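>>> sequence-free structure coming up:
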């Protein structure tokens, strides 16, 4: 249940220095909340040098981790002997009820991950010999998968001047990376039934909304955003020299309705 009522008439913003600490039950690993919606959550995961997580899963939520800084190893499968290494810019998809663990491969610098869950933040720790019971059994055939930064797909719905590239399309979660051209805007659009969360990787963007699009929020590097379903808005890069790059995620899928 949401602690605070969500206002679907306006955009959401969480500045990078205002993230709420959500979980520190594991030593050297900290979860923080960035954007909270009715059917999507996005936040940050910080892993101290050489730290290793407990085995965990995310119940019915589809989960995608994006490596912002550092290098990580993820372990899964029988005996957690399957290993995948991720570098900066890579994505890993964790289906619902899939147990796994991870570690920071660097012994000097923290690992920074941006995590998205849909429909909500859920985290359950396990012992290595525990068996996960999936009462819903709706994703039993899905497996953990990785999308490298060089393998993003550009066959997705677009708005002008803001090309999107798809990383993952899961049953309840789409996530990709967007680039905003200098001194350009996206034109007016909304995302239908899809609720959107986002994270600014680099640059600065303004999102305009409301009557006459006179209301706006300004997002800088490290900030999180939320766009309610069906809310018309315009994404604008105010810089004449620097492009904007950000993660954007939606539940249930990448709906884009261009108004002009």
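Cool, got the structure. Model, not experiment: these values are computed from the prediction.
>>> ok, so what distance separates residue 73 from residue 27?
When C-beta to C-beta, to the nearest Å is the yardstick, residue 73 and residue 27 sit 19 Å from each other. For glycine as for every other residue, the C-beta is placed from the backbone atoms N, C-alpha and C.
>>> the more surrounded of the two?
With other C-beta atoms under 10 Å as the criterion, residue 73 and residue 27 differ in neighbour count, and residue 73 comes out ahead with 14 against 8.
>>> Quick one: residues in contact with the host helix or strand of that one.
Using DSSP states H and E, residue 73 falls within strand 72-76. In this structure, residues lying in contact with strand 72-76 by C-beta atoms under 8 Å, 6 or more residues apart in numbering are 47, 81-86, 92, 98-105, 111, 113, 144.
>>> what pLDDT, on average, does stretch 162-175 get?
Throughout stretch 162-175, pLDDT has a mean value of 92.
>>> mind listing what's buried in it?
Of the residues in stretch 162-175, those buried under the neighbour-count criterion (16 or more other C-beta atoms under 10 Å) are 162, 164-170, 172-175.
>>> Among these, find me the one that's closest to residue 239.
Here the nearest of the buried residues of stretch 162-175 to residue 239, counting by C-beta to C-beta, is residue 162; it sits at 14.0 Å.
>>> if I read this right, the closest one contacts residue 236, doesn't it?
No - Residue 162 sits out of contact with residue 236 when judged by C-beta atoms under 8 Å, with a separation of 9.6 Å.
>>> any common contacting residues for the two?
Residues touching both residue 162 and residue 236 (C-beta under 8 Å, 6+ apart): 180, 184, 186.
>>> distance of the first one from residue 106?
When you say that, I think you mean residue 180. Here the criterion is C-beta to C-beta. By it, residue 180 lies 30 Å from residue 106.
>>> ditto for the second one
Remark: distance between residue 184 and residue 106 (C-beta to C-beta) = 37 Å.
>>> ok so, going back, okay if I get the shared contacts of residue 162 and residue 236 as TSV plus neighbour count?
TSV is the format used below for these (neighbours: other C-beta atoms under 10 Å):
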residue	neighbour count
180	24
184	17
186	23
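>>> So, low pLDDT: which residues of the stretch 1-150 of the chain?
When the per-residue scores of the stretch 1-150 of the chain are filtered using pLDDT under 70, the ranges that remain are 1-4, 135-141.
>>> And the helices in it?
Counting by DSSP state H, counting those that start in this stretch, the stretch 1-150 of the chain forms no helices at all.
>>> that older thread, what pairs with the strand holding residue 73, parallel or antiparallel?
Strand 72-76 pairs in its sheet with strand 82-86 (antiparallel), strand 100-104 (antiparallel), by DSSP bridges.
>>> Looking at those, which is nearest to residue 240?
Taking C-beta to C-beta as the criterion, residue 240 comes closest to strand 82-86 out of the strands paired with strand 72-76, the separation being 34.4 Å.
>>> List of residues touching the closest one?
Taking contacts as C-beta under 8 Å, 6+ apart, the residues outside strand 82-86 that touch it are 65, 67, 71-76, 92, 105, 144, 146.
>>> Which of the residues you listed are buried? Put it as a PyMOL command.
This is how PyMOL selects the buried members of these, with burial counted by 16+ other C-beta under 10 Å:
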select buried, resi 65+67+71+72+74+75+76+92+105+144+146
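>>> Just list the residues touching the nearest residue to residue 161 once chain neighbours are set aside, thanks.
Nearest residue to residue 161, sequence neighbours excluded (C-beta to C-beta, 6 or more residues apart in numbering): residue 184, at 3.7 Å. Residues in contact with residue 184 (C-beta under 8 Å, 6+ apart) are 160-162, 236-237.
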